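Q: following is a predicted model, sequence given first.
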Amino acid sequence: MKTSEDYFERVWEVVARIPLGRVTTYGAISEHLGLKSGARMVGWALNKTIDMDHKNIPAHRVVNRLGELSGAIHFGHNVMRERLLQEGVIFKNDYCVDLERHFWDPSSI
DNA sequence: CAAGTGACTAGTG
DNA sequence: CCACTAGCCACTT
């Protein structure tokens, strides 16, 4: 628990910096944090977020590399989608956002 | 302690 | 973009 705790905090810090109406990917976050293949751990961190009621963390702005709302399973389908729609995110279909248009690079801050 | 699981990704065809 | 493989690491069983 202790080793991953710092990592979780870092993830939350990055996710909290995602501008409104923008999205990023698990891989981009993990890479920005220096982990070569920690994409799965990013998911874990966000899952913890829900458990702890970290609603300050806009986890709905994190999607997989294809722009799919892979997190909607744990978020509640409609919730994640509606939240993104409310922020003006364009969807390619019900389960996939337009990543080309809304992608935000964590390193660009 | 071994094997399975998961909000993943990159490489290859 | 699809299908398949391998790598990844914390956590659960």
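A: Now that the structure is in, tell me what you want to look at.

Q: show me which residues of chain A are close to DNA strand B?
A: By C-beta under 7 Å from any atom of the strand, the residues of chain A that approach DNA strand B are A:25-27, A:37, A:39-44, A:46-47, A:49-50, A:59-60, A:62, A:64-66, A:70-71, A:73-75. Where you see a C-beta, it was placed from the backbone N, CA and C, and this is true even at glycine.

Q: list, out of the residues you listed, those positioned next to DNA strand C.
A: Restricting those to those within reach of DNA strand C (C-beta under 7 Å from any atom of the strand) leaves A:Ser37, A:Ala39, A:Arg40, A:Met41, A:Trp44, A:Leu66.

Q: and the next element down the chain from the host helix or strand of the fifth one?
A: When you say that, I think you mean A:Trp44. In the assignment (DSSP states H and E), A:Trp44 maps to helix A:39-51. Counting by DSSP H and E, the next helix or strand C-terminal to helix A:39-51 is strand A:62-63.

Q: what comes up buried for the helix or strand just after that following strand?
A: Where DSSP H and E defines the elements, the next helix or strand beyond strand A:62-63 is helix A:72-75. Judged by neighbour count (16 or more other C-beta atoms under 10 Å), helix A:72-75 contains these buried residues: A:Ala72, A:Phe75.

Q: what helices or strands is helix A:72-75 leaning on?
A: Counting contacts by 3 or more C-beta pairs under 8 Å, 6 or more residues apart in numbering; DSSP states H and E, helix A:72-75 is packed against helix A:39-51, helix A:77-86.

Q: what does whichever helix or strand comes after the shortest one rub up against?
A: What it means is helix A:77-86. Once the chain leaves helix A:77-86, the next helix or strand it forms, by DSSP H and E, is strand A:91-93. Strand A:91-93 is touched from outside by A:Gly67, A:Arg81, A:Leu84, A:Leu85, A:Val97, A:Asp98, with contacts defined as C-beta atoms under 8 Å, 6 or more residues apart in numbering.
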